[in-house]
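> return atomic coordinates for the entry below.
(chains A, B, C, D and E)
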Amino acid sequence: MDIGTALGVILGFVVIIGTIAIESHGSMAIFFNIPAIAIVVGGMTCATMVHFSMAQFLSIFSVIKKTIFHRTPMPQQLIQRMVNYSAINRRDGALALEQEVGKVKDPFLSKGLQMLVDGAEEDAIRDLLGLEIQYMEERHAMGKKILDFMGASCPSFAMVGTLIGLISMLSKMESPDEIGAGMAVALVCTFYGALLANLVFLPLGGKLGQHSKVEKMAMEMTVEGICSIAKGDNPTAVGEKMQVFISTRHREAVKAQI
Amino acid sequence: MDIGTALGVILGFVVIIGTIAIESHGSMAIFFNIPAIAIVVGGMTCATMVHFSMAQFLSIFSVIKKTIFHRTPMPQQLIQRMVNYSAINRRDGALALEQEVGKVKDPFLSKGLQMLVDGAEEDAIRDLLGLEIQYMEERHAMGKKILDFMGASCPSFAMVGTLIGLISMLSKMESPDEIGAGMAVALVCTFYGALLANLVFLPLGGKLGQHSKVEKMAMEMTVEGICSIAKGDNPTAVGEKMQVFISTRHREAVKAQI
Amino acid sequence: MDIGTALGVILGFVVIIGTIAIESHGSMAIFFNIPAIAIVVGGMTCATMVHFSMAQFLSIFSVIKKTIFHRTPMPQQLIQRMVNYSAINRRDGALALEQEVGKVKDPFLSKGLQMLVDGAEEDAIRDLLGLEIQYMEERHAMGKKILDFMGASCPSFAMVGTLIGLISMLSKMESPDEIGAGMAVALVCTFYGALLANLVFLPLGGKLGQHSKVEKMAMEMTVEGICSIAKGDNPTAVGEKMQVFISTRHREAVKAQI
Amino acid sequence: MDIGTALGVILGFVVIIGTIAIESHGSMAIFFNIPAIAIVVGGMTCATMVHFSMAQFLSIFSVIKKTIFHRTPMPQQLIQRMVNYSAINRRDGALALEQEVGKVKDPFLSKGLQMLVDGAEEDAIRDLLGLEIQYMEERHAMGKKILDFMGASCPSFAMVGTLIGLISMLSKMESPDEIGAGMAVALVCTFYGALLANLVFLPLGGKLGQHSKVEKMAMEMTVEGICSIAKGDNPTAVGEKMQVFISTRHREAVKAQI
Amino acid sequence: MDIGTALGVILGFVVIIGTIAIESHGSMAIFFNIPAIAIVVGGMTCATMVHFSMAQFLSIFSVIKKTIFHRTPMPQQLIQRMVNYSAINRRDGALALEQEVGKVKDPFLSKGLQMLVDGAEEDAIRDLLGLEIQYMEERHAMGKKILDFMGASCPSFAMVGTLIGLISMLSKMESPDEIGAGMAVALVCTFYGALLANLVFLPLGGKLGQHSKVEKMAMEMTVEGICSIAKGDNPTAVGEKMQVFISTRHREAVKAQI
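A predicted model of the protein is given here:
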């Protein structure tokens, strides 16, 4: 779980609501406006439905969930695990890895191990797992594109909502003295749009981009490790090949663990 | 037919009109303003006529129609069909495919089959169908470019319209007390521009981009299948070569069907 | 002549002036403001003079003229002509083409024919005419860059003009009741800037880009045809080689004509 | 000297000041506001100091000077000169060029000639002079980057200044009737920012880009000429090799001169 | 230490505070508003936490520190040092460099020297140090990305804060006469956002980009020098190989020093 995503969004809303409480001297009711929420979220949702295909549109929630409940892979752990597999492979042969396959939760690693058990060659492993990495990247890129579109769409529909409020109010206004309350209601839409875009959708899209980078590196490390085992390298060589991917500062920590 | 496009636009307008009904307490007449519609749609249309060639300009409606009435190709179906053709080809020879050509509605697939019947070689098939894919992509890209230009042009002419309204109103205004009604009328233009751009033209342009991707993949799958049949592969090999294009999750479903 | 360019600009102004007539209830005088025109057009012109070299700056009018009086080359006609030249070449030899050179108005085609008459080899033709195509593209790209800069500069100087109007008006205003008329005059600048940029300069820049694409294709078709004749291909082969550049839908029409 | 740069900026200011004189009916004093100039120019200067290194920051004036006092190299003259050097080289040998080195003001050409005198080979000349061209391009690109940053920074600090003016004015305002004069003062900042960015910094950055292109072409022509002389080509061949860089229309003029 | 960064930020604040002091005629209190600072800095911080990973988020301070306390490497010094090492290497052998390793503060140079002492070959040195350069660049690029995101996020949350202030004020306003003070408080948020983005975060991001370029060049010079020593080049050759990286103008100064 990526604690930063949830923490950032929650803390952000705490800061905003706190400021509202202080600035409005207790009369916060005006900031909770059902029609304003309806037009910003509704308009954005409809535009997203038009922009993307039905399947992509319905994946929004799973995309958002992924930015929060994301198992960040730990390189050190991954290297240690691969070194173990390599030791098993050299001691008891590739078939002995079969019982390890069941214990692994990560489907990508599990698929790689299964290919080792099946005696696949290095090139076949690289091709198939490389295709998986490409699919993962495209899925993440599409998720990021949806979130970015939503982040750009929010302020636009907020403006539409504010315009509706302004026009309604102005058309019935009899003197500029009445402008205050109506204007306040109209601006609540703009407020929702700016908040949702800048605190929720755009940063979530950015986070998905970061996850994609980290996950890709872990997958490439896994491929390197599996291929090294497939070639029958000894555990030390497997560990060294995988270390290329991590920074010098972290290599000392890894060496100590193995 | 792409249900999402029509549904999104219609639902979007329902949300907007609903909000208007609630906010304006029944006096919705101000939101329907013929001169405002004339300047936003008229200005945008004229700018599009200047920007693009006459033929491109006249294709706007067929481009918009394509975002709604688009037959999304289903990969599973396509694979099954190709496997059948492959079986016919190996059992009765390429000439037996001639009667299948007439049954096919998709002109691209029909052209590919005809080349099989004519005994064309793999390279010739790849060259000619590849050129067709490129033409399709360029047509879609030009359509997306037109819709994106219209989406960018809408708010600009909405601003021009609002400025005309404001200037007319301000120049005859005798006291700030009269600002309300005139301002409301002027802002209706801005409202139309924001709505048309963000609910209609920009998302439609995005949808065209999605369709282009999906259609390209289906065409590439078709080329792969036709070429595999041309080389005389058995039905299973044809199916496996085409499966490379679809995600692992969907491959199980395809295997079950064949 | 590109009828769309002139028609679009004229129709656009008709729509705008019509809306002004309706909205201002006859008092259109405020929309025609000499100092406002002076600052928008003058400022934009000076900034363009600073941005580009003197020669580029002085080419603005010929660039704009080119977006209107542009002879769109017709591929079908070009193919037919080349097929004729090819027939003459095979029947009477390359020297017989000399009398055709004088009849041709297009300098590019004329240069290509002259090279055929001079007995130039394929590579030399490709090199020299290729360089001409590159020059044409760079000239068009520079023209588009100038128009785009003018389109971006217009609203900026409109804002400068509006600010001058606002500051002058506000500094002498004694009560908000006087804000109306002064504000109207100031906003006329913004109106000119938005109109010139979105109806004239930006779409004209776009049109130049479209012309460049079409002209480049016609030039490349010409090169292909000339080179095919230089190699002594028969008229049918010349026609087929040039057809690669046009869409399938149009090929039928061409075949019927030849 | 690039007359367009100075002329454009001066004419631009004439247009602006003229409009101010007309619009303000003589009371121009409000447009000259020392604190407003201080915050726009001061803020922009400080931000530029933070953004770039000290040496880059101190080069601003020499960069701006270069956009005005720029000796545009004339291709025709350059070709003629090279043809002369070539004649001297073939008649009296490379050492006879030594006395020409001193007469040349352009350090780049002078360096190339010196290499000819020293008997350097073609590859060595190309390498060393190519490095010089690359340095020139990077210097110009950095200059353009600084001017573009200043052009983007101006309106931002103008906004900061306007906000300071507005907040000060509003916090002491007792009735909306007083809004006029204070607002006018605050908007002067926005006016300076828009003017400096759009009339001075952004167009100057653009001009630097144009100069860089022209200068690069002249340098590449020089390299081609020097190398041609180094290989002992005759004057006609030297002239023809250099002509490749100039447009067909200008080639006739050059041929007449040589 | 990069004096320009600190000086620019401090001078910038002096200019701003000076202008405030002059414009507000002493009543500066309104410009220091705790809730406004809380929402701009708080919102920006939360959005950054959502956008980046926890480790990247926590590195913000070390990233900012790096833009101020950055030891700009001096090429002349570096060349001189390398020439000395080369002399030691040729006189006393590579092992004699061991005592120099301890004296060096720069970890990159120290690592390179250690490899010389260990007798590593040129290719191994290039590979390992090249990887270090790549890591440095990625670290800097991520730091620049964080600062740029903060610079873009600041004005957005400033707008959110201003909207909160406006809505609160307008909803309780009974006549337009009260608009002044409330509006002033609301605009303070916008002021903070514009100031932090344009004087602090965006220029700091730019400076990081400049540092990255300079540091990369110094590292590449070091690699060239170390490799030249490893090949046993004489001191003069080492100096000449490293000079390729510096401009002609500076080469004279270097030659005089060595």
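
> for the rest of this, base every contact and every neighbour count on C-alpha atoms.
Fine.

> in chain A, where is pLDDT below threshold?
By pLDDT under 70, the low-scoring segments of chain A are A:1, A:26, A:173-178, A:180, A:247-258.

> give the other helices and strands that the helix ranked longest in it contacts.
Within chain A, and with DSSP state H defining each element, the longest helix by residue count is helix A:122-172. Packed against helix A:122-172 by the contact rule (3 or more CA pairs under 8 Å, 6 or more residues apart in numbering or on different chains; DSSP states H and E) you find helix A:34-51, helix A:60-68, helix A:107-117, helix A:179-195, helix A:202-230, helix B:3-23, helix B:179-195.

> turn these into a markdown table, including distance to chain D.
Listed next are the helices and strands packed on helix A:122-172 as a markdown table, based on distance: least, CA to the nearest CA, whole Å:
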| stretch | distance to chain D |
| --- | --- |
| helix A:34-51 | 29 |
| helix A:60-68 | 33 |
| helix A:107-117 | 44 |
| helix A:179-195 | 14 |
| helix A:202-230 | 23 |
| helix B:3-23 | 29 |
| helix B:179-195 | 15 |
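
> could you dump those to JSON lines with distance to chain C and mean neighbour count?
Converted to JSON lines, these look like this (distance: least, CA to the nearest CA, whole Å; neighbours: other CA atoms under 10 Å in any protein chain shown):
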{"stretch": "helix A:34-51", "distance to chain C": "25", "mean neighbour count": "24"}
{"stretch": "helix A:60-68", "distance to chain C": "36", "mean neighbour count": "17"}
{"stretch": "helix A:107-117", "distance to chain C": "45", "mean neighbour count": "19"}
{"stretch": "helix A:179-195", "distance to chain C": "15", "mean neighbour count": "24"}
{"stretch": "helix A:202-230", "distance to chain C": "28", "mean neighbour count": "22"}
{"stretch": "helix B:3-23", "distance to chain C": "24", "mean neighbour count": "19"}
{"stretch": "helix B:179-195", "distance to chain C": "9", "mean neighbour count": "24"}
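
> to residue B:31, which of these lies closest?
helix B:179-195 (6.3 Å; CA to CA).

> tell me which strands and helices that closest one is in contact with?
With contacts taken as 3+ CA pairs under 8 Å, 6+ apart, helix B:179-195 sits against helix A:122-172, helix B:34-51, helix B:122-172.

> most packed of the ones you listed?
Relative to the other members of the helices and strands packed on helix B:179-195, helix B:34-51 carries the highest mean neighbour count by mean count of other CA atoms under 10 Å in any protein chain shown, namely a mean of 24.

> in stretch A:95-111, which residues are buried?
Counting neighbours by 16 or more other CA atoms under 10 Å in any protein chain shown, one finds that the buried residues in stretch A:95-111 are A:97-98, A:101, A:108-111.

> near chain B, anything from that stretch?
No. Contact of stretch A:95-111 with chain B is not found when judged by CA under 8 Å from any CA of the partner chain; the minimum separation is 11.7 Å.

> kindly format the C-alpha coordinates of that stretch as PDB.
Extracted in PDB, the C-alpha atoms of stretch A:95-111 (Å, rounded to 0.1, in the frame of the first residue of the first chain):
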ATOM      1  CA  LEU A  95      12.200 -29.200 -11.400                       C
ATOM      2  CA  ALA A  96      12.800 -28.600  -7.600                       C
ATOM      3  CA  LEU A  97      11.600 -25.000  -8.300                       C
ATOM      4  CA  GLU A  98       8.100 -26.300  -9.000                       C
ATOM      5  CA  GLN A  99       7.100 -26.200  -5.300                       C
ATOM      6  CA  GLU A 100       8.300 -22.600  -5.100                       C
ATOM      7  CA  VAL A 101       5.900 -21.500  -7.900                       C
ATOM      8  CA  GLY A 102       2.900 -22.000  -5.700                       C
ATOM      9  CA  LYS A 103       4.300 -19.900  -2.900                       C
ATOM     10  CA  VAL A 104       4.800 -16.800  -5.000                       C
ATOM     11  CA  LYS A 105       2.000 -14.300  -5.100                       C
ATOM     12  CA  ASP A 106       3.400 -12.000  -7.900                       C
ATOM     13  CA  PRO A 107       2.000 -13.500 -11.200                       C
ATOM     14  CA  PHE A 108       4.900 -12.200 -13.200                       C
ATOM     15  CA  LEU A 109       7.600 -13.900 -11.100                       C
ATOM     16  CA  SER A 110       5.400 -17.000 -10.900                       C
ATOM     17  CA  LYS A 111       5.200 -17.100 -14.700                       C
END
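
> related to what we said a few turns ago, now distance to residue D:204 too, for the buried residues of stretch A:95-111, in TSV please.
Supplementary listing: the buried residues of stretch A:95-111 in TSV, determined by distance: CA to CA, whole Å:
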residue	distance to residue D:204
A:97	68
A:98	69
A:101	65
A:108	55
A:109	57
A:110	60
A:111	59
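
> ok, of those residues, which one's closest to residue C:134?
Closest approach between those and residue C:134, by CA to CA: residue A:108, at 49.8 Å.

> still on that earlier bit, just how off-centre is the longest helix of chain A within its chain?
Put simply, helix A:122-172 sits 12 Å off its chain's centre (CA atoms, centre = their mean, to the nearest Å).

> can you check stretch A:96-103 too?
Distance of stretch A:96-103 from the chain centroid (CA atoms, centre = their mean) equals 30 Å.

> who's in contact with it?
Under the criterion CA atoms under 8 Å, 6 or more residues apart in numbering or on different chains, residues A:85, A:88-89, A:110, A:113-114, A:116-117 lie in contact with stretch A:96-103.

> next one: stretch A:62-81
Residues outside stretch A:62-81 that contact it (CA under 8 Å, 6+ apart): A:1-3, A:5-6, A:143, A:204, A:207-208, A:211, A:214-215, A:218, A:222, A:225, A:239, A:242-243, A:246, A:254, A:257-258.

> who touches stretch A:146-160?
Residues outside stretch A:146-160 that contact it (CA under 8 Å, 6+ apart): A:36, A:39-41, A:43-45, A:47-48, A:52, A:60, A:189-194, A:196-198, A:200-202, A:204-205, B:191, B:194-195, B:198.

> picking up where we left off before, can you redo the helices and strands packed on helix A:122-172 as CSV with distance to residue D:135?
As requested, those are arranged in CSV below (distance: least, CA to CA, whole Å):
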stretch, distance to residue D:135
helix A:34-51, 46
helix A:60-68, 45
helix A:107-117, 49
helix A:179-195, 45
helix A:202-230, 35
helix B:3-23, 53
helix B:179-195, 48
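
> of those helices, which is nearest residue E:171?
Go through the helices and strands packed on helix A:122-172 one by one with CA to CA and the one that ends up closest to residue E:171 is helix A:179-195, at 4.6 Å.
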